[in-house]
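*Asks:* build me a model from this:
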Amino acid sequence: MDQTRRLFLGTAALGAGGLMATGAKALEHDHGNPGDGGFGRQAGSLPPGAKVAYHDPQDVGAMPDFRFSLDGNRPKVTSGGWAKEATVHQFPISKGIAGVHMFLEPGASRELHWHAIAAEWAYVIDGRCQTVVLDPSGASEINNYEPGDLWYFPKGHGHSIQTIGDKPCHFILSFDNGAFSEHGTFSITDWIDVTPKDMLALDFGLPKDAFDVFPKGEAYIQAGPVLQPADALDAPWPKDSTHKFRLLKDPRAVREFEGGTFRLATVDEWPIQKTMSGGVMTIRPGQMRKLHWNVNANEWHYYLRGKGQVALFGSGGRGKVAEFKPGDVAYIPMGFGHAIKNIGDEDLEIVQTWDNGKFEEIDLDTWIKSSPRYLLSNNFSGVPGETLTKLKRA
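*Replies:* Here you go, the predicted model:
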C-alpha cells in the first residue's frame, strides 16, 4: 500500500471524529502543525479542518481607511486662488494616485511649472480656462476648456493654467503618483528667484539688475487682469495627440451601465493619455455600480454631488464600508473588490481616475455567469440550487 493511499485511508478513518476531537477550534482556525501534509512530491491529504477559512489578524494587515475629506483639508492660498491636496502623506492608502482641487479667480493664472514625478489629469468642474503646454521637442499647444473637458500633461512637460472670462474656474487634478504634492512643483518664479543673477543675465541677455523686480519666492497662483474670451488664443495640436478631450461631448466616452451613466477616456480614445484613464460616473438614487475589481490599476474618486456608500473587500476576511459626501475622496487599491451605491435622494456624481492608460475591470456577476454550475455548487456549499440558478441569471 503506497503512502498516498495510507494517508487517504487515515484521513477517512478520522473523518467526523477528527472534527469532533478538535471541536470549536476546527470551526475557528485553519492552521495545522508545521510539516503537516508532507514535503515536495510526498504530499498527501490531511484530516478535515475548519469548514470556513479563518484569518488571523496577525497574518493579514488591518484594513486601511480609504476615505479622506479633500475639501476639508487646509488650502494653499495665494493672491489668485487656492488649492487643496490629498497625497499619501495625508491619506496613507493613496500610494498610486494623488489629487488636488484647484480654484482660480477671474484674471488668475497658475504659473508655468512642471512635475518631476507625475503626469497630470484634470476635469473642469465649472468656469473656463486656458492651458499652455510645452513638450521636449519645443512644440507648444494652447487649449481652451469648458466644464466637462479634460486635459492631460505627461510627466515633466511644462504647462500653465489661466482663467478665461469674468467667472472663476475650478477643476479636479489627479496625478499618477501618490507622493506628488503641490508644494513640490517646479515653478518658473521660484526658479528665477533662487538662480544667481549673473546666470540669468547671461541666459536672457539682460542686465543683472533687471531681475531685481521679479517675484521673491513662488507666485504659484497669481492674480491679474481678466483675460476676455475674445483675447484667448486657441492653437491645438492634431487630434491624435492633443492634450484636450471633450469628455461630456465625445460619443467615444459613453459607457452606459445599469443604474447610471459613465463617461470614460482611456488611451484608446485619447492617445496622449498613456499613464492614466479617467471620467465621470453618475449613479441614480437607490442604484449602484455593482461588485467588481480593477485588474491593472488603482482607482481614485472625487465626490462632486450626492451621497454615496462604498463597500471595499481587501481579502483575508477584510471588508470595510464608508460613506462619502461632496468634497470627499476614495482610494481603491488595485485588485480590491468594491461596489458603489447611491444612498441619497439625488444623483451621485463622481470623478474617477485610474493610474493606467488601459482601463480593465471584472464584474463579479460576470464571473458567476461564466462558471460551471458544479463549480458554484462546490464553492457555495449548502446554498440551494434554486438560489444558484438565480445567481447565474441575475
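
*Asks:* only C-alpha atoms from now on, for both contacts and neighbour counts.
*Replies:* Will do.

*Asks:* ok, which stretches of the stretch 151-300 of the chain are strands?
*Replies:* All strands of the stretch 151-300 of the chain, identified by DSSP state E, counting those that start in this stretch, fall at 158-164, 169-175, 186-187, 221-222, 244-246, 260-265, 277-283, 288-294, 299-305.

*Asks:* repeat that for the stretch 1-150 of the chain.
*Replies:* 38-39, 42-43, 67-69, 76-78, 81-86, 98-104, 109-114, 120-126, 128-134, 140-145, 149-153.

*Asks:* out of those, which comes closest to residue 392?
*Replies:* Proximity to residue 392, assessed across these by CA to CA, is greatest for strand 67-69 (32.8 Å).

*Asks:* give me the sheet partners of that closest one and which way each runs.
*Replies:* According to DSSP bridges, strand 67-69 forms sheet pairs with strand 328-332 (antiparallel).

*Asks:* angle of the partner strand against strand 98-104?
*Replies:* Interaxial angle of strand 328-332 relative to strand 98-104 (axes from the mean of the first three to the mean of the last three CA atoms, to 10 degrees): 150 degrees.

*Asks:* local confidence estimate at residue 156?
*Replies:* With respect to pLDDT, residue 156 scores 97.

*Asks:* can I get the strands of the stretch 151-300 of the chain in a markdown table with mean neighbour count and distance to residue 380?
*Replies:* Below are the strands of the stretch 151-300 of the chain laid out as a markdown table (neighbours: other CA atoms under 10 Å; distance: least, CA to CA, whole Å):
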| stretch | mean neighbour count | distance to residue 380 |
| --- | --- | --- |
| strand 158-164 | 24 | 54 |
| strand 169-175 | 25 | 40 |
| strand 186-187 | 20 | 55 |
| strand 221-222 | 22 | 57 |
| strand 244-246 | 21 | 45 |
| strand 260-265 | 20 | 30 |
| strand 277-283 | 25 | 30 |
| strand 288-294 | 20 | 17 |
| strand 299-305 | 23 | 29 |
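
*Asks:* of all those strands, which one is nearest residue 370?
*Replies:* strand 288-294 (14.7 Å).

*Asks:* what lies in contact with that closest one?
*Replies:* 257-260, 283, 334-342, 360-365 (CA atoms under 8 Å, 6 or more residues apart in numbering).

*Asks:* are any of those buried, and if so which?
*Replies:* 259-260, 283, 334-342, 363, 365 (16 or more other CA atoms under 10 Å).

*Asks:* hmm, back to that, CSV for the strands of the stretch 151-300 of the chain, including distance to residue 142?
*Replies:* Formatted as CSV, these follow (distance: least, CA to CA, whole Å):
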stretch, distance to residue 142
strand 158-164, 10
strand 169-175, 17
strand 186-187, 19
strand 221-222, 19
strand 244-246, 10
strand 260-265, 20
strand 277-283, 22
strand 288-294, 34
strand 299-305, 27
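
*Asks:* can you check which of those gets nearest to residue 253?
*Replies:* Per CA to CA, nearest to residue 253 of these: strand 260-265, 4.8 Å.

*Asks:* hang on, the earlier thing: in strands, which of the buried ones among the contacts of strand 288-294 appear?
*Replies:* 260, 283, 337, 338, 339, 340, 341, 342, 363 (DSSP state E).

*Asks:* what about stretch 204-212, how long is it end to end?
*Replies:* Using CA to CA, to the nearest Å, the end-to-end distance of stretch 204-212 comes to 14 Å.
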